Each structure stands twice: as C-alpha cells, then as structure tokens.
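Peer 1: okay, structure incoming, though there's no sequence with it:
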C-alpha cells in the first residue's frame, strides 16, 4: 500500500504539471484502501496538495462514491505519515517476489474483467500514466489453450486499446490464421499494459525498462493464472525477459521450448522483425516455431502447412 500511495503522489504531481489540477477525487475502492491503512496505523493522514486549476471530478454530484483528497498546504504533493513511518523509499520488489494480485469473480470472464478494471486505474508508473490514452489489458478467449505474449503496446495499440493492431499485429493475425486459428480462439497480452512514453517530438516505440516490466508483470501473471493455457508463445526477446528474466538472445532461444510456471513457452521472433527481414528463410524460422506449438497442442497439420516458406 505504501507503494500505491507513492504512485498516487507521483501521479498527482504529473497532473499538476500538465493540467494545473488543484484537487483529485478518489474512487470508493481507493478511499476504502486508504481507510484500511489508517486503521492499521500505517498512515495517520493522507493529503495531496496541488496548486491552481480545476478539480478533477469536481462536476460529480455528492454521494457518487468518490471522495476528494484533501488539498492544503504549499504547492507540492505530500503524503503525511504516522510518526513511526520512515522517510526512506520502499525497497525495490523483483519479479520473483512480487506479491500476486488478488483474483476475484466466479467465472474466467468476470475474473479477467475485474483485473482489467484494476489495470485501467493503475498509476504505479506516473510517467506512463501521463502520456497513455488507454491501458491495453489483453484480448481473446478466456478459455484459450494458446496465449501470445508481446512486450508493450505501440502507438496504434495505445489509441485503440487492443494489443497487436498495428502493422506487426496485422502480420501476427496472418500467422495465427496460418495455424488454422483466429484471434477469437486464442489470447493476446503484453508484459507492460501502457505504451512506454517517448520524448516530446520523438516518434516510434521504445523497449520497456526492467522496472516498468517488474511493476506491470503481476497483471500478466494473473491473466495467465485465470486462463491456464496449454502453451504460450513469447514474441521477441523482451517478452522472454519479462517472463523469465534475461536468459539469452532470441536467436539462441527460438525453436526450443522453455517453461513458464509449468507451461511450455516457445520463444520466437517478434512480427516486427519479420517486417524488417522479409526473406522466406526468416519467415520459415518463425513458422517452424509455430509448427512445434501446434504439435504440442495436438492440432492437425496439413502437408501444405508443413511446407510453408520452403523453397520449391
């Protein structure tokens, strides 16, 4: 919870700098969480002071389930803690010991929806929150036997709120169809749910940082725990790193099954790599990886499929 308060403080700082926000309203869930903290004696009071501008959510009527975070004091964001609290920052949590997210709901659909709702209001990476249009949680079949994992949303994904919808996503769709599947039959998600921010005036996409991946990967872990796929495909080295930590180059890893928490994981090249390297040789490498996944899933494979991208 301490990390959540720090994230809230950082987010308000960004709102203040960008929009001149003066007051922030908390959802009922956030308010109850803070009240619980106070009841445990971990926090005596929480206040976020922001100068100038209009209040976030100030047009909502009373009794709508949100509560304003108190605005007072000098022009800075503050979190007042009890006398027993220390001023040192919380220790960095690694991927290995990050506590799992609570999964609620009676069906997989409900469980994924609740996780998506939590992700949609996540502010643990304020620099990403300040620039994102949407949180790209994931898409597909909650009962999927196969899950594709990418690294992070790009520009098109950020705008549309769905993973792999740009040029690389269109190629991924063709790869899935070549397997005899549709996007509706499988599930697609990313290590990081927000688009990694770029400097003002700079186009393109960047690789998410180690800290960004460690902060966000619990959402993916929870998704996988709900779906329980039979096999997974990691698209690119960053996806492998986010799941397993750095274990080698994608060229050395592809074609051989690894294991993620008991689930077979096939690393292969990211579709964007094939957009840059469109020779049949490279396409065949990825296709061979997907054939092995099809075999693991005991899918029928035609002779035509086995011969894709082979020179005649």
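Peer 2: Good, I have the coordinates. Not measured: the values here are computed from a predicted model.
Peer 1: could you report the neighbour count for residue 242?
Peer 2: Per other Cβ atoms under 10 Å, the neighbour tally for residue 242 reads 26. In this view, the C-beta of every residue, glycine as well, is placed from N, C-alpha and C.
Peer 1: now do the same contact list for residue 267.
Peer 2: 233-234, 237, 239-240, 250, 253-254, 256, 258, 289 (Cβ atoms under 8 Å, 6 or more residues apart in numbering).
Peer 1: revised request: answer the last question for residue 207.
Peer 2: Neighbouring residues of residue 207 by Cβ under 8 Å, 6+ apart: 151-152, 196, 238.
Peer 1: how about 7 Å then?
Peer 2: 151, 238 (Cβ atoms under 7 Å, 6 or more residues apart in numbering).
Peer 1: and it, what element?
Peer 2: Per DSSP states H and E, residue 207 falls between elements, in no helix or strand.
Peer 1: sorry, back to before: can you list the contacts of residue 267 in TSV and add pLDDT, distance to residue 299 and secondary structure?
Peer 2: What follows is the contacts of residue 267, written out as TSV (pLDDT from 0 to 100; distance: Cβ to Cβ, whole Å; DSSP: H, G, I helix; E, B strand; the rest coil):
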residue	pLDDT	distance to residue 299	secondary structure
233	98	13	strand
234	98	19	strand
237	96	26	helix
239	97	22	helix
240	97	23	helix
250	97	24	helix
253	97	23	helix
254	97	20	coil
256	96	19	coil
258	97	20	strand
289	98	14	helix
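Peer 1: burial count for residue 311?
Peer 2: By the criterion of other Cβ under 10 Å, residue 311 has 6 neighbours.
Peer 1: pretty sure it is in a helix, no?
Peer 2: No - applying DSSP: H, G, I helix; E, B strand; the rest coil, one finds residue 311 to be coil, outside a helix.
Peer 1: quick one: contacts for it?
Peer 2: Shown in contact with residue 311 (Cβ under 7 Å, 6+ apart): residue 280.
Peer 1: map the structural domains onto the sequence of this protein.
Peer 2: What the record gives for the chain is the domain set 2-68, 108-306, from automatic domain parsing.
Peer 1: pLDDT on the first one, on average?
Peer 2: pLDDT averaged over domain 2-68 equals 42, rounded to a whole number.
Peer 1: picking up where we left off before, filter the contacts of residue 267 down to the buried ones.
Peer 2: Using 16 or more other Cβ atoms under 10 Å as the burial test, those include 233-234, 237, 239-240, 250, 253-254, 258, 289 as buried.
Peer 1: all strands for the protein, in order.
Peer 2: 25-26, 67-68, 139-140, 146-150, 187-190, 231-235, 258-260, 263-268 (DSSP state E).
Peer 1: follow-up on the earlier one: of the buried ones among the contacts of residue 267, closest to residue 161?
Peer 2: Taking Cβ to Cβ as the measure, residue 161 lies nearest residue 239 of those, at 19.7 Å.
Peer 1: before we move on, back to that, out of the strands of the chain, which is closest to residue 210?
Peer 2: strand 187-190 (15.4 Å).
Peer 1: look up the residues forming beta bridges with residue 189.
Peer 2: Taking DSSP bridges as the rule, residue 189 bridges to residue 149.
Peer 1: what about it, distance to residue 299?
Peer 2: For residue 189, the distance to residue 299 equals 21 Å [Cβ to Cβ, to the nearest Å].
Peer 1: just the helices in the stretch 101-250 of the chain please.
Peer 2: 108-120, 126-129, 155-160, 167-178, 210-227, 237-244, 250-253 (DSSP state H, counting those that start in this stretch).
Peer 1: any chance of the strands of the chain in a markdown table, with distance to residue 216 too?
Peer 2: Formatted as a markdown table, the strands of the chain follow (distance: least, Cβ to Cβ, whole Å):
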| stretch | distance to residue 216 |
| --- | --- |
| strand 25-26 | 22 |
| strand 67-68 | 27 |
| strand 139-140 | 17 |
| strand 146-150 | 12 |
| strand 187-190 | 8 |
| strand 231-235 | 16 |
| strand 258-260 | 16 |
| strand 263-268 | 18 |
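Peer 1: compare those and say which comes out lowest on pLDDT.
Peer 2: Among these, strand 67-68 scores lowest, at a mean of 33.
Peer 1: follow-up on the earlier one: would you point out the most distant pair within the contacts of residue 267?
Peer 2: Counting by Cβ to Cβ, the most remote pair of the contacts of residue 267 is 239 and 256, 15.4 Å apart.
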